[in-house]
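Undergrad: Quick check, what structure comes out for this input:
(2 chains)
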Amino acid sequence: MTLSRPPIIEFLDPGMLTSVQDCGRSGLRHLGISRGGSADYLAAAIANFLVGNHDCQSVLECTLIGPTIKFLRPCVFALTGADMMATLDDMAVPMMVAMSVKAGSVLKMGSCERGLRTYIAIAGGVEGDLFFDSRATHFTAKIGGYKGRALRQGDVLNLAHEDKDQQTDDRIEYRPKPLVDGNALQALVADYSHDWVLRVVMGPDLLSQENENDGDVSPPHHGGDYDDDIGFHRLHKDMRAQLFGTYFQVMPTSNRMGLRLKRGRPLERSDGRPDSQKVNQKVNQNINQDIERSAKPSPIMYSSAVYPGTVQYPLGGEPILLGCDSQTVGGYPRLLQVIEADMSLIGQIRPMDKIWFRGVSIKQARDIGLQKLSFTRSLLPDFNYL
Amino acid sequence: MRQKDGIKFATVEKGMIGPATLDPFGETGFIAIFTGYSDVITIGIHCHTLAQKLLAQACWCDVVPAIDSLMVRYRPDIISHEKALADFIDTISPLIKDIVPPPVSTMEMPVFYDDKVAPDLMTFCETLDCDQADLIALHCGTAMRVVAMGFAPGFAYIGSLAPRLQRPRLSAPRPFLPAGSVGLAGAFTGIYSLPSPGGWNIIGRTPLSLFNPSADQPFLLSHNIEVRFRSILEDEYQELDQRQGLAQKNGEGF
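TA: Just a heads-up that it's a prediction; the model follows:
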């Protein structure tokens, strides 16, 4: 097998952290293998759609500061996710549009002011090592992607269907989908800002917490059945204040595995009662007790399943919001779980951004999730990231 | 006041395992926690067995057994919530009588117990009020079984520890631990198979590589292996480390 054609792209500058990603390795968590893949999988799916790829084709994920790439052959590409002020041969490149380029063109990405990750889809996908049927780069295991690592200056990539794992097939050509209304796709994309609202349901270790009726809590209304409509109203008001009374700021030690959060200052009360300071102190006193109570079954908690979107709250520590490379089990109390509909946003939250959690019941979350999936599929018919 | 944990399994009436509790986990997941066994080894094997049954069913996108818990997530586009819940309960409910742990093979695991590679060794000894030699003797004294796999590829929960060695994990996890770090938490020894954050009390490091993606069998450890820890000195550590290429994996020496 010989390749007569040159590779498709060359990295003149790799940017801060650019890697090959796809939909990741789903269904392997029982082996300790996290899913990984594109952190903002929705943006990656849109990019693939724009260039005519299937939704899980391998793309380039750029982080904060994008790469400079030379196209060695004519091809079609599209940018989605965070806007890194890209230029193609010094002309501005719009986001969310499929672009045709000639050989020798240079795509230069800058940095993003909002959001964190940009996806570059190239028609035909980019090459990467297959591991468990995925080309996603797993950084710590050094598997998948390009040699299991981030791209470096001078690296050259072929198209996915030309890589060493598959037969070269020159018959595979770019077949554009019927013209897509870019505005319609825009409806799938959230506004990126430095303040994010993530909807959450109760995590398993919060569910087990005893409800101390402080007069501010709705009476329990189920009789020992599996509770389909569990809301945060059951929680003690101090716990609710702890989780929802303020923002959580994302620390610089965050990565694809998890965002380390620091609880912000509680808001001033609007009713003029001079107790915000006291509330704050009391909350801080109570929180450790609350978390301690919430950890089951005993002071020594057995490690148990976690997944992307789980908020772990270590006793006496600061919370961690697990990301796309989340470990499969963990031993810290799982107080919150980000709902599926908001999961792709986690991939765009950058250090120093603020997160506001908003509680919904599990039943509400399920309805929201089904609506979102159906809406996504109305625009991206083969979207299958589940 | 209603019960907090969703279903308390009607174990007596229906002859199910028990007691176990079932809770939702996220909007498309469930988690069962088994508390009906007296020792963690039996619970762990039970969870593993049930997980194998669930993995054969197409509707689950994740099946995650741990020590005493079993979590699943279903695909909402191919199965309804009600059906998923019913299927999950059906699968995990039947009593599996008289679990006989499958036969085990024993593996020796060399560990360099030294504060050069073990940030918690000294503090851990102080907490236990013993010297390092005692700690090493305790840790190496009994062969222990792989009870669960997870956290990272190749990471094994090995138990159970001598009661005296059972201590909680750190109150906040360290942002980085090198691969091979040997930690204690609760009833288990865990070995970090990849560089990662981690909150276990690190008392040593093994030069063996627990995850080899290019090998036919990528995982060094699995269920049904019994591990006997052996204390090694720095020379042997370095020699084995060279052979395993672990230093390269961690991108550093010590």
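Undergrad: Show the contacting residues for A:Val338.
TA: Contacts for A:Val338 (Cβ atoms under 8 Å, 6 or more residues apart in numbering or on different chains) come out as A:Leu198, A:Arg199, A:Val200, A:Pro308, A:Gly309, A:Thr310, A:Val311, A:Leu321, A:Ile346. Placement of C-beta: from N, CA and C, glycine included.
Undergrad: Quick check: it vs A:Gly203, distance?
TA: For A:Val338, the distance to A:Gly203 equals 10 Å [Cβ to Cβ, to the nearest Å].
Undergrad: Write out the residues of the stretch 151-254 of chain B neighbouring chain A.
TA: B:151-155, B:157, B:166-169, B:171-173, B:175, B:185-188, B:193-197, B:199, B:211, B:213, B:219, B:249 (Cβ under 8 Å from any Cβ of the partner chain).
Undergrad: of those, buried ones?
TA: Buried members of these, scored by 16 or more other Cβ atoms under 10 Å in any protein chain shown, are B:151-155, B:157, B:167-169, B:172-173, B:185-188, B:193-197, B:199, B:211, B:213, B:219, B:249.
Undergrad: so where's the chain shaky on pLDDT?
TA: Answering for chain A, as no chain was given. For chain A, the stretches with pLDDT under 70 are A:1-4, A:162-182, A:208-230, A:266-300.
Undergrad: Sorry, I should have been clearer: chain B.
TA: Regions of chain B meeting the criterion pLDDT under 70 cover residues B:1-19, B:36-38, B:95-101, B:244-254.
Undergrad: can you map out the helices along it?
TA: Assigned by DSSP state H, the helices in chain B fall at B:11-14, B:40-55, B:81-92, B:121-128, B:132-141, B:234-244, B:246-250.
Undergrad: follow-up on the earlier one: please narrow the residues of the stretch 151-254 of chain B next to chain A to those residing in strands.
TA: Members of those lying in strands (criterion: DSSP state E): B:Tyr157, B:Pro175, B:Ala185, B:Phe188, B:Ser196, B:Pro197.
Undergrad: how about the nearest residue to the residue nearest to the spatial centre of chain A, chain neighbours excluded?
TA: Centroid check for chain A by Cα atoms, centre = their mean gives A:Gly347 as the closest residue, at 3.0 Å. The shortest distance from A:Gly347 to any non-neighbouring residue, by Cβ to Cβ, 6 or more residues apart in numbering or on different chains, is to A:Ala39 (3.0 Å).
Undergrad: Domain-wise, how is the chain divided?
TA: Just so you know, I chose chain A. Listed domain ranges for chain A are A:9-186, A:195-379 (source: automatic domain parsing).
Undergrad: The intended chain is chain B.
TA: B:7-92, B:105-250.
Undergrad: Check the burial of the residue lying closest to A:Cys56 once chain neighbours are set aside by counting its neighbours.
TA: The shortest distance from A:Cys56 to any non-neighbouring residue, by Cβ to Cβ, 6+ apart, is to A:Cys23 (3.7 Å). Look at A:Cys23: counted by other Cβ atoms under 10 Å in any protein chain shown, it has 25 neighbours.
Undergrad: what's near enough to touch A:Cys23?
TA: A:Gly37, A:Ser38, A:Tyr41, A:Ala44, A:Asp55, A:Cys56, A:Ser134, A:Ala136, A:Asn384, A:Tyr385.
Undergrad: Out of those residues, list just those in helices.
TA: Those of the contacts of A:Cys23 lying in helices (DSSP H): A:Tyr41, A:Ala44.
Undergrad: Just among the contacts of A:Cys23, which is most surrounded?
TA: Per-residue neighbour counts (other Cβ under 10 Å) across the contacts of A:Cys23 peak at A:Ala44, which has 32 neighbours.
Undergrad: For that residue, give its distance to A:Gly37.
TA: Going from A:Ala44 to A:Gly37 by Cβ to Cβ gives 8 Å.
Undergrad: Equivalent analysis for A:Ser134, please.
TA: Distance from A:Ser134 to A:Gly37, by Cβ to Cβ: 7 Å.
Undergrad: Touching both of those two, which residues are there?
TA: Residues touching both A:Ser134 and A:Gly37 by Cβ under 8 Å, 6+ apart: A:Asp22, A:Cys23, A:Gly24, A:Arg25.
Undergrad: By neighbour count, which of those residues wins?
TA: Within the shared contacts of A:Ser134 and A:Gly37, most neighbours by other Cβ under 10 Å means A:Asp22, with 30 neighbours.
Undergrad: For that one, what are phi and psi?
TA: For A:Asp22, the backbone dihedrals are phi -140, psi -150 (criterion: degrees, to the nearest 10).
Undergrad: ok, now the one 10 residues further on?
TA: The phi and psi values for A:Gly32, taken as degrees, to the nearest 10, are phi 80, psi 10.
Undergrad: tally of neighbours for it?
TA: A:Gly32 is flanked by 24 other residues according to other Cβ under 10 Å.
Undergrad: check contacts around it.
TA: By Cβ under 8 Å, 6+ apart, the residues touching A:Gly32 are A:Gln327, A:Thr328, B:Met149, B:Gly150, B:Phe151, B:Ala152, B:Pro153, B:Gly154, B:Phe155, B:Ser193.
Undergrad: any chance of those residues in CSV, plus distance to A:Arg260?
TA: Listed next are the contacts of A:Gly32 as CSV, based on distance: Cβ to Cβ, whole Å:
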residue, distance to A:Arg260
A:Gln327, 14
A:Thr328, 19
B:Met149, 26
B:Gly150, 22
B:Phe151, 18
B:Ala152, 18
B:Pro153, 23
B:Gly154, 25
B:Phe155, 21
B:Ser193, 22
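Undergrad: So what would you say the end-to-end distance of stretch A:42-58 is?
TA: Distance between the two ends of stretch A:42-58: 13 Å, counting by Cα to Cα, to the nearest Å.
Undergrad: Apart from its chain neighbours, what residue comes closest to A:Arg377?
TA: Once flanking residues are discounted, A:Arg377 sits nearest to A:Phe383: 5.3 Å by Cβ to Cβ, 6+ apart.
Undergrad: give me phi/psi at that neighbour?
TA: Dihedral angles for A:Phe383 - degrees, to the nearest 10 - are phi -60, psi 120.
Undergrad: just checking, it touches A:Phe375?
TA: No - A:Phe383 is beyond contact range of A:Phe375, at 10.1 Å (criterion: Cβ atoms under 8 Å).
Undergrad: between those two, which one's more packed in?
TA: When A:Phe383 and A:Phe375 are compared on other Cβ under 10 Å, the one with more neighbours turns out to be A:Phe383, at 21 against 13.
Undergrad: Tell me the buried residues in stretch A:68-76?
TA: Neighbour counts using 16+ other Cβ under 10 Å place A:Thr68, A:Ile69, A:Phe71, A:Leu72, A:Cys75, A:Val76 of stretch A:68-76 among the buried residues.
Undergrad: Revised request: answer the last question for stretch A:94-105.
TA: Residues of stretch A:94-105 classed as buried: A:Met95, A:Met96, A:Ala98, A:Met99, A:Val101, A:Ser105 (neighbour count, 16+ other Cβ under 10 Å).
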